[in-house]
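A.B. asks: okay, here's the prediction I keep looking at, along with the sequence it came from:
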Amino acid sequence: MTEPNRTGDWRTPAETSDYRTTPDHAETMAYLERLVAAYPDKLRTEEFGTTGEGRPLTIVIASRDGVFDPRAIHASGRAVVLVQNAIHAGEMDGKDACLSLLRDILKDRERGRLLEHVVLVVIPVYNIDGHERRSAYSRINQTGPELAGWRANATNLNLNRDYLKAEAPETRAFLRMFHRWMPDFFVDDHVTDGADFQYEVTFQIDETPNVFPATAKWVRESVTPEVARRVNASGHRTFPALVYLKEETDPSQGLVLQPNPPRFSTGQMILENRPGLLVELHMIKDYRARVTSNYEVLRALLEVINEDPATLISLNREADADAARLAEAPARAERFPLALEKDGTPTLVEFHGYQFTRALSEVSGAMWVRYGREPWNVTLPMETVTKVASSVRPPVGYIVPPQWTRVIDVLEAHEVELHRTRAAWTGEVERYRLRELTWQAPPFEGHHPLFRGEGAIDVPGSLGRCELSTEVLSFPARSVVVRLDQRLSKVVIHWLEPEAPDSAVRWGYFDPIFEQKEYGEAYVLEKLARQELAKDAELRAEFERRIRADPAFAGNPTARLEFFFARSPWGLANRVGEYPVGRLRSLEGIPVP
Ligand SMILES: [Zn+2]
């Protein structure tokens, strides 16, 4: 065996170009393979799936003692930190930061200490197909590098809206890899859009009511302030929250702290009971400033975790156990928060923006903001979105009829524990009836969802009318029973509770239940209407009230006849809006192994 070659020029491709360019995927992997060849005892690459266009997805693992087996690493008490780059492949700063960081960890004794109590797992490029769609015109908002990749994958899906519905091959591969490694901490590197300000980097670890409270407290008190302090001490400026202006055309109105629902990577982490750090480099800063700031955030986080890996590891263990207890009384008496809204009590934050002027634009006809370079150091109100807008009492589990294969398939992609019934079962369940829903007309991520999806982040409004009742229903053999006494209970609730922001209902997986399949011809319904009017005085009164109160109804012959059909046994036989998933109050008598 020849000695590994550790001599020569170890500048990364971005460093070599003085941060004018970023390497393509082949060049990125060639640099990493050269590092692996030089340090095979500490660094390894591993494939974890294939992109839509057939490119192998790869992670790079840095482990100080050459142990690359996740079980052995967890048993050794080291924390596994997973860093994801280029999910939005025009935002590739984290990839170049990670090349520098991995090199420094291997070559510099001081940096090498970052592996003392941590094993670092890096996805150099997650959205590889998007990354290879290189152009100078990918991101109009962003300063450099010369060529950058595309936001979406090869089917034009935004992978950072796909975590819960898991439709893309990249997401499915990610979930398998994630569960194989079970990282203790997750990082997702991005570049902003939005406002201009002095900070080179903003970052956020979501603290929604779905987060295990002790983890939220530890993050708030020990991680966020320490990472911010260390990044600022390195000479880079950081703000420990993502910056969303309350009013795009007037920064002085303040900020809104947005949580990430589970379609986002960091929202998914909440359902996985793990802390997720979202890093956003500032789009207008030059590429050197962005890559080196990204590097400092990762260094600071790894330092903080190295100083106390045991707390992180034990919080994760407790969070997993806590999630598996959601279905137990008395936890079940507490309602589980699904959707959030602004709580209307802003806190004041110190903010370092740039001076700006506002003017009426003759182009748009609206007010526009022009940012200058003079500092605007102010105290601004920041609204938080933590008020619970809808919540549920967790059942002990759900039962899904076997014909809803696409819905079950998503649960399987998440590696949720499922059981198939051995025989048909009839019993008491709680079920929803859904009415008065509105679908979004333009597509969003290949769907016409039951929420407003055009914005970067939205807080879903009410679903319509969602009523729960107790009924005796029959479920065929091979129906899927999903118990909530498992680590991934929050994935199950968010997928199967209709009002959750990324539920199967909201994404349209249950759309056929809202279709009426049998209709009555007008001359047939005339007969029905006359019979009903003659025998049911209450119905007659309701019909007449509706005619008086609702001119659109009064002027619509089809709607007038439909009024009688919908209330008749023939209309009700369509079962429109009857959600086929049962909420189980007990597992007794259900024929599962
Ligand atoms: Zn992004």
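C.D. replies: Received, thanks.
A.B. asks: next up, identify which helix or strand Trp439 is on.
C.D. replies: Per DSSP states H and E, Trp439 falls between elements, in no helix or strand.
A.B. asks: against which helices or strands is the longest helix along the chain packed?
C.D. replies: If you go by DSSP state H, the chain has its longest helix at helix 287-307. In this structure, helix 287-307 makes packing contacts with strand 79-84, helix 93-107, strand 118-123, strand 185-191, strand 201-205, helix 224-233, strand 276-281, judged by 3 or more CB pairs under 8 Å, 6 or more residues apart in numbering; DSSP states H and E. Placement of C-beta: from N, CA and C, glycine included.
A.B. asks: buried residues in it?
C.D. replies: Across helix 287-307, burial judged by 16 or more other CB atoms under 10 Å covers 287-302, 304-306.
A.B. asks: pLDDT of it, averaged?
C.D. replies: What helix 287-307 shows for mean pLDDT is 98.
A.B. asks: may I see the buried residues of the very next helix or strand once past that helix?
C.D. replies: As assigned by DSSP H and E, the chain's next helix or strand after helix 287-307 is helix 309-324. Residues of helix 309-324 classed as buried: Pro309, Thr311, Leu312, Ile313, Leu315, Asn316, Ala319, Asp320, Asp322, Ala323, Ala324 (neighbour count, 16+ other CB under 10 Å).
A.B. asks: let me see the contact set for His179.
C.D. replies: When contacts are counted by CB atoms under 8 Å, 6 or more residues apart in numbering, His179 touches Glu415.
A.B. asks: pLDDT score for it?
C.D. replies: 98.
A.B. asks: report the contact partners of Leu115.
C.D. replies: Contacts of Leu115 (CB under 8 Å, 6+ apart): Lys42, Ala62, Ser63, Arg64, Ile105.
A.B. asks: what is the neighbour count of the closest residue to the second one other than its chain neighbours?
C.D. replies: In other words, Ala62. Leaving aside its chain neighbours, Ala62 sits nearest to Leu120 (4.4 Å; criterion: CB to CB, 6 or more residues apart in numbering). Leu120 has 25 neighbours, counted by other CB atoms under 10 Å.
A.B. asks: do you know how far Leu120 is from the ion?
C.D. replies: 22 Å (CB to the ion, to the nearest Å).
A.B. asks: likewise for Gly112?
C.D. replies: 31 Å.
A.B. asks: so that residue is in contact with Leu102, correct?
C.D. replies: No. Gly112 is beyond contact range of Leu102, at 11.0 Å (criterion: CB atoms under 8 Å).
A.B. asks: between the two, which is the more surrounded one?
C.D. replies: Set Gly112 next to Leu102 and count neighbours by other CB under 10 Å: Leu102 wins out with 25 against 15.
A.B. asks: do you know the pLDDT at the more buried one?
C.D. replies: pLDDT, Leu102: 98.
A.B. asks: repeat that for the one 3 residues further on.
C.D. replies: At Ile105, the pLDDT value in this model is 98.
A.B. asks: check Pro183 too.
C.D. replies: Confidence score, pLDDT, at Pro183: 98.
A.B. asks: spell out which parts of this structure neighbour the ion.
C.D. replies: His88, Glu91, His190 (CB under 5 Å from the ion).
A.B. asks: for the residue in the stretch 151-300 of the chain that the ion sits nearest to, list each beta-bridge partner.
C.D. replies: For the stretch 151-300 of the chain, the residue closest to the ion is His190, as judged by CB to the ion, at 3.4 Å. For His190, the beta-bridge partners under DSSP bridges are Glu280.
A.B. asks: test my guess that it contacts Met283.
C.D. replies: No. Counting by CB under 8 Å, His190 does not reach Met283; the two are 9.8 Å apart.
A.B. asks: when these two are compared, which one has more neighbours?
C.D. replies: Set side by side, His190 and Met283 show more neighbours around His190, with 26 against 21, by other CB under 10 Å.
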